[in-house]
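Engineer: One predicted model, sequence on top.
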Amino acid sequence: MKAGDTQLEIVIGKLLRVGVILSTVCLALGLAISLARPGASTILLQAGILLLIATPAARVVLSTIEYVIARDWTFALLTSIVLVELIAGAIAALVFHKKI
């Protein structure tokens, strides 16, 4: 394992931790508000779910950038393929549910 790999793992760990914490805070606040005033917390609950879904995708983006910077073309290509598949899946979901 190279020193750069350790640094990448630390950054990815922080990214995942922050994403999960922000998602948890949004969901907890949304739940608390919905118990007090039903229907008033929709945005917070949606934001919490969106953050939870976006966190692993952000990890793929960060990994792709780091591999390109490190000129590790094999892993850059593989993570780019995963990123394209994630984007295609999100677009397909929006198209099939007539959101775009």
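Structural biologist: That came through, no problem.

Engineer: Identify the residues contacting Val68.
Structural biologist: By C-beta atoms under 8 Å, 6 or more residues apart in numbering, the residues touching Val68 are Ala76. Every C-beta, even on glycine, is put in place using the N, C-alpha and C of the backbone.

Engineer: helices or strands next to the biggest helix by length in the chain in the packing?
Structural biologist: For the chain, the helix with the greatest residue count under DSSP state H is helix 3-36. On a contact count with 3 or more C-beta pairs under 8 Å, 6 or more residues apart in numbering; DSSP states H and E, helix 3-36 meets helix 42-69.

Engineer: Direction-wise, compare the helix it packs on with helix 3-36 and give the angle.
Structural biologist: 170 degrees (axes from the mean of the first three to the mean of the last three C-alpha atoms, to 10 degrees).

Engineer: Could you list the buried residues of stretch 45-65?
Structural biologist: 45, 47-48, 51-52, 54-55, 57, 59-60, 62-64 (16 or more other C-beta atoms under 10 Å).

Engineer: got the contact list for it?
Structural biologist: So stretch 45-65 is in contact with 8, 11-12, 15-16, 19-20, 22-27, 30-31, 34, 75-76, 79-80, 82-83, 86, going by C-beta under 8 Å, 6+ apart.

Engineer: any idea which of the buried residues of stretch 45-65 is the one closest to Ile91?
Structural biologist: Among the buried residues of stretch 45-65, Ala57 lies closest to Ile91 (C-beta to C-beta), at 12.8 Å.
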